[in-house]
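Asker: let me see the structure of the following:
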Amino acid sequence: MAIQDRLRAVFVESLQLDDDVDVDNLKYRDIEAWDSVGHMALVAAIEDEFDVQFDTDQVIDMSSFKVAVDMVRDMADG
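Answerer: Next comes the predicted model:
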């Protein structure tokens with residue numbers, strides 16, 4: 001499964017998203033579930049799924065699904 005597809009599944013499960021949510025264009029605080037607590041749960045779920053560790057700046061900068069995809073891809077390539 002591609003990184004983007006795996007990450008989309010993590011977003012859906014972690015934030016308990018409905019089927020009608022456009023995950024690919026989702027941004028922090030677009031939905032109620034993606035608040036500060038939801039953000040930390042999401043970060044932990046991504047770290048578990050991809051066996052990566054985000055630093056503080058990355059956690060703060062993860063402001064959208066697209067940014068998260070880029071971060072995970074960069075970490076997978078590096």
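
Asker: and the longest helix anywhere in the chain, what other elements does it pack with?
Answerer: As assigned by DSSP state H, the longest helix anywhere in the chain is helix 36-50. Packing partners of helix 36-50 (3 or more C-beta pairs under 8 Å, 6 or more residues apart in numbering; DSSP states H and E): helix 3-15, helix 56-61, helix 65-77. Placement of C-beta: from N, CA and C, glycine included.

Asker: show me what counts as buried in the shortest one.
Answerer: Going back to what we said before, that points to helix 56-61. residue 58 (16 or more other C-beta atoms under 10 Å).

Asker: coming back round to it: for residue 22, find the nearest of the helices and strands packed on helix 36-50.
Answerer: Minimum separation from residue 22 across these (C-beta to C-beta) falls at helix 65-77, 9.1 Å.

Asker: contacts for that closest one?
Answerer: 3-4, 7-8, 11, 23-27, 46, 50, 52, 54, 58, 61-62 (C-beta atoms under 8 Å, 6 or more residues apart in numbering).

Asker: among the residues you listed, which ones are buried?
Answerer: 3, 4, 7, 8, 11, 26, 46, 50, 54, 58, 62.
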